[in-house]
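[1] here you go, sequence then predicted model.
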Amino acid sequence: MEKQTGGGDRYDALVERITRRNFIKIAGAAGLVAGLAPVLAACGGGEEAAPETTAPATETVATTTPATTGGGATGRPLKIGYVTPQTGALAGFGEADTFVLAEMEKRFADGLDVGGTTHPVEIVARDSESDPNRAAEVAGSLVLDDGVDLVLVEGTPETTNPVSDTCEANGVPCISSVAPWQPWFFGRNGDPAAGFQWTYHFFWGLEDIIAVFLSMWSQVETNKMVGAIWPNDGDGNAWGDPELGFPKPLTEAGYTITDPGRYPNLTDDFSAQISEFKSKGVEIVTGVPIPPDWTTFWTQAAQQGFKPKIASIGKALLFPASVEALGELGDGMSTEVWWSPTHPFTSSLTGQSAGDLAAAYTTATQRQWTQPIGFAHALFEVGADALSRSADVDDKAAIAAAIAATSLDTVVGNITWEGGPVPNVAKTKLVGGQWSPGTDFPYDLVIVENAALPDVPTGGTLRPIPGS
Amino acid sequence: MEWVNAVVQGILLGGLYALFATGLSLVFGVMRLVNLAHGDLSILAAFLLVAIVDATGLDPWIGLALVVPALFVIGYVLQYGLLNRTLAGGELAPLLVTFGLSIILQNVLLEVFTADSRGLDAGSIETSSIRISDQISIGWFPLVTFIVSIVLLSVLQLALSRTRTGRALRATADDPRTAQLQGIDNRRIYALAMGIALATVALAGVFLGMRTTFGPAIGPARLIFAFEAVIIGGLGSLWGTLVGGIVLGVAQTVGAQISPGWGVLTGHLVFLAVLATRPTGLFSRQVRQ
């Protein structure tokens, strides 16, 4: 074997002893370790006393004891399990948790009154790590090890579905939110005739977001050519479904859809989609990409000279930080709004208005309000209300029955499971908003569409994207 | 013309992949170390720059001059203080340590910077482009990324072949024991290699942060493409790494032109095809057994 001594264009000497077998061995071990990750994490999480192995110290166990009880007996502590994605790719959905949990700790400091008996309340918060398997696992540990009376869960179907399934299988009442109801219900093979026994969900559905987007688009003069950016994931496939998703109602409303097809998340190049949109003369872009993909698409679109008039995007543009990260390109993006400080609702637990709650969040965290605050708060409202109305807190069926009978005015509106589209689903109202240069923060979400909830004041109509 | 544009965009994308792959290739070449925290370290660099920009209001392009040396120091200390100790423990030990490092980095970044998507504002260069025809535009930013990767590889190539330190690096990679007999301190050479590798990773992370947005959990996804570029190009060949990146980039964009679902998949298929037919990569001349 000849050794290279000169410079040349290679440094082969570096790899004298790297044979293919050698590399494959190491690379194979790399794969093995990566594959082991969930197992390693599982080992740590399974032990009762061990803290989460891969998560930071976000696990909170807040027990409250009734300070002074003005009469009435003191009952056993009630345990509420709470599962959200606090770390990982979905962590934006769990960002309000620390704030909401601290608020709840204050609220439940005096315990919860159930039929004249005051019960201390213990909230056991667990991190799903944005991983469906992990979510199912922590739900299992809440049910089996902690013996919780009620489970609350929120943040995309990847979190709500495995936790709901675990609760359904173990006969523990569970309330979920922040996932469109179709993936929650049909994604779990729900039967519209039978429904579920233990699990309840409140949020909006695809029909609502389609209505909101169509209504926003009608405010701007366009050629009705729509380009779709639907990734190959749970949301993308639901939105792009020819029957249940966007294509059918959009076509009926006179729009023409250009759908290049599902692409994998974390794609680094969108030139294929952009050139197709350009050749079809697309003026409206819609989709449900993850934030980095939307930035890649939108920046590349600008480079390639594709400037649509409207971009209505779910998921990627929910959080103010994602819009800020776009820089000047963020101006004019539109998105769905589930909750805002201007929603005309108040909390049944604290009496705060939506505006008060958002202001309290900004005061506590120095951060701009985000939509999950209202729904995380509302989950505890509905849960506390159901527990306090239950005939017998030691009977899980009585708690589930109390959930089913809910009719509560929360900070996200009235929640009732009567008259939902399918059993176990309660709908909340959806409006539309547009990101515009803000006052206290770089961008504010301005409500531009309120057909479903006229009490939410609009701050104007949809502007075409600057420069289009 | 759409196809020509796809190829052009793919070549430019290859520049970014080559930036990511260079450090990985170098570290594996010198000390047989597969750094599983490679992607996370690039995100660390991007976040460092975000912190600098937030604190000082400095232009990200100028801040780059601070982040690259910072990552060099981090790499040097990391290798000298931690990873050198694991090298004696066989191939699995450094792998496990860098895997652990990857998890720690992700969670520390999450604690410090929250889960928000962040971006680096490179200014108007991000969206301006050279219009060649109605169908073909070359974005200035991807072009700059591509040029930077070529300059970086040229400089590394020159340094490795012409300088005394470069010779020491090659000698250590060739035969650590004999190199030691000649008075070369292997531990320092390894630390230097990791320092250089992380300096290139800093460039890659910052260019990624300017191109798109990033969050604390996005690192591992960057590692795969870097791996593939290294293997396609051939271990040990710096220019091969560039070609590997370009092949991967073009495969992805041309695949996506066929159908968007085929983009990333085509890249993987080309990688598998190279592994099956030319296991040592396109640019590795010798097959050693």
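    Yep, that arrived. On a predicted model such as this, the values are computed, not experimentally measured, just so you know. Numbering: from 1, shown residues only, chains lettered A, B, ... in the order given.
[2] okay, now the residue of the stretch 51-200 of chain A found nearest chain B: neighbour count?
    Taking Cβ to the nearest Cβ, chain B has its nearest neighbour within the stretch 51-200 of chain A at A:A91, 3.0 Å off. Using the backbone N, CA and C atoms, a C-beta is placed for each residue, glycine as well. The number of residues packed around A:A91, counting by other Cβ atoms under 10 Å in any protein chain shown, is 25.
[3] now do the contacts for residue 244.
    With no chain named, the answer covers chain A. The neighbours of A:L244, taking Cβ atoms under 8 Å, 6 or more residues apart in numbering or on different chains as the test, are A:Q182, A:L206, A:A238.
[4] oops, I was thinking of chain B
    Here B:G244 is in contact with B:17-18, B:21, B:228-234, B:281-283 (criterion: Cβ under 8 Å, 6+ apart).
[5] try it again at 6 Å.
    With contacts defined as Cβ atoms under 6 Å, 6 or more residues apart in numbering or on different chains, B:G244 is in contact with B:A229, B:I232, B:G233.
[6] got the phi/psi numbers for the residue of the stretch 51-200 of chain A closest to chain B?
    phi -60, psi -20 (degrees, to the nearest 10).
[7] surely it and B:A115 touch.
    Yes - using Cβ atoms under 6 Å, A:A91 is in contact with B:A115, at 3.0 Å.
[8] what about the helices in the chain?
    You didn't pick a chain, so chain A it is. Taking DSSP state H as the test, the helices found in chain A are A:20-46, A:97-107, A:132-144, A:157-170, A:181-185, A:206-217, A:234-240, A:247-252, A:271-280, A:291-303, A:320-324, A:354-365, A:372-389, A:396-404.
[9] wait, I meant chain B there
    Counting by DSSP H, the helices of chain B are B:2-31, B:38-56, B:60-78, B:84-87, B:92-113, B:140-162, B:164-174, B:176-181, B:186-211, B:219-233, B:238-258, B:263-277.
[10] could you give me the average pLDDT of the shortest one?
    Along helix B:84-87, the predicted local confidence has a mean pLDDT of 90.
[11] can you list the low-confidence ranges for the stretch 151-289 of chain B?
    B:284-289 (pLDDT under 70).
[12] and it, which residues reach chain A?
    Neighbours of chain A within the stretch 151-289 of chain B, by Cβ under 6 Å from any Cβ of the partner chain: B:160-161, B:170, B:173-174, B:212-213, B:217, B:221, B:235-237, B:239, B:253, B:256-257, B:259-261, B:263-264, B:279, B:288-289.
[13] for ChimeraX, write the select line for the buried members of these.
    Burial among these is assessed by 16 or more other Cβ atoms under 10 Å in any protein chain shown; the matching ChimeraX selection reads:
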select /B:160,161,170,173,174,212,213,217,235,236,237,239,253,256,257,260,261,263,264,279
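[14] pLDDT wise, what is the residue of chain B most remote from its centre at?
    Relative to the centre of chain B, the most outlying C-alpha is that of B:D134, 32.8 Å out, by Cα atoms, centre = their mean. For B:D134, the model assigns a pLDDT of 81.
[15] same thing with A:E52?
    Turning to A:E52, the model gives it a pLDDT of 38.
[16] among the contacts of B:G244, who's most crowded?
    Counting by other Cβ under 10 Å, top hit in the contacts of B:G244: B:A229 with 32 neighbours.
[17] need the contact list for that residue.
    B:A229 touches B:Y17, B:A21, B:G244, B:G245, B:L248, counting by Cβ under 6 Å, 6+ apart.
[18] farthest pair within those residues?
    Based on Cβ to Cβ, the longest span within those runs between B:A21 and B:L248 and measures 8.9 Å.
[19] which residue comes closest to the most centrally placed residue in chain A once chain neighbours are left out?
    Centroid-nearest residue in chain A, with Cα atoms, centre = their mean: A:G155, separated by 3.3 Å. Once flanking residues are discounted, A:G155 sits nearest to A:F93: 3.5 Å by Cβ to Cβ, 6 or more residues apart in numbering or on different chains.
[20] would you agree that neighbour is in contact with A:V153?
    No - counting by Cβ under 6 Å, no contact exists between A:F93 and A:V153, whose distance comes to 10.9 Å.
[21] check the gap between A:A311 and A:E381 for me.
    Going from A:A311 to A:E381 by Cβ to Cβ, to the nearest Å gives 34 Å.
[22] what do you get for A:F196?
    21 Å.
[23] got it, and A:A194?
    Where A:E381 is concerned, A:A194 sits at a distance of 28 Å (Cβ to Cβ).
[24] which of those two has more neighbours?
    Counted by other Cβ under 10 Å, A:A194 and A:E381 do not tie: A:E381 has more neighbours, with 22 against 10.
[25] before we move on, the earlier item: from the contacts of B:G244, which is closest to chain A?
    So of the contacts of B:G244, ranked by how close each gets to chain A (Cβ to the nearest Cβ), first place is B:G233, at 10.7 Å.
[26] once you drop chain neighbours, what's closest to the closest one?
    Among residues not flanking B:G233 along the chain, B:G244 sits closest, at 2.7 Å (Cβ to Cβ, 6+ apart).
[27] relative to chain A, how far out is that neighbour?
    Separation of B:G244 from chain A (Cβ to the nearest Cβ, to the nearest Å): 13 Å.
[28] before we move on, back to that, and the residue of the stretch 51-200 of chain A closest to chain B, what pLDDT?
    82.
[29] in contact with residue 80, which residues?
    Answering for chain A, as no chain was given. For A:I80, the contact set (Cβ under 6 Å, 6+ apart) comprises A:I123, A:L150, A:G383.
[30] could you do chain B instead?
    B:Y80 sits next to B:A191 when contact means Cβ under 6 Å, 6+ apart.
[31] redo that, cut-off 7 Å
    B:R187, B:A191 (Cβ atoms under 7 Å, 6 or more residues apart in numbering or on different chains).
[32] I'd like the distance between the closest residue to chain A within the stretch 151-289 of chain B and B:V155.
    Ranked by Cβ to the nearest Cβ, the top residue of the stretch 151-289 of chain B for proximity to chain A is B:S161, at 2.8 Å. Noted for B:S161: a distance of 11 Å to B:V155, by Cβ to Cβ.
[33] check A:E418 too.
    Here A:E418 is placed at a distance of 70 Å from B:V155 (Cβ to Cβ).
[34] what is the burial count for B:R164?
    Neighbours of B:R164 under the rule other Cβ under 10 Å: 7.
[35] check the one 4 residues further on too.
    Per other Cβ under 10 Å, the neighbour tally for B:A168 reads 19.
[36] quick one: contacts for it?
    Taking Cβ under 7 Å, 6+ apart, we find B:A168 in contact with B:I184, B:I189.
[37] so how do I select the buried members of the contacts of B:A229 in PyMOL?
    To isolate the buried ones among the contacts of B:A229 in PyMOL, judged by 16+ other Cβ under 10 Å, type:
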select buried, chain B and resi 17+21+244+245+248
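[38] returning to what we had before: out of the helices of chain A, flag the one nearest B:L87.
    helix A:20-46 (12.5 Å).
[39] pLDDT (mean, whole number) over that closest one?
    For helix A:20-46, the mean per-residue pLDDT is 45.
[40] just stretch A:434-447 next, same as before
    Throughout stretch A:434-447, pLDDT has a mean value of 93.
[41] ok now that stretch, how far from the chain's centre?
    Stretch A:434-447 has its C-alpha centroid displaced from the chain centroid by 21 Å (Cα atoms, centre = their mean, to the nearest Å).
[42] pull the number of nearby residues for A:N223.
    Neighbour number of A:N223 under other Cβ under 10 Å is 13.
[43] quick one, phi/psi of it?
    Torsion angles at A:N223 (phi, psi; degrees, to the nearest 10) stand at phi -90, psi 10.
[44] great, nothing more from me.
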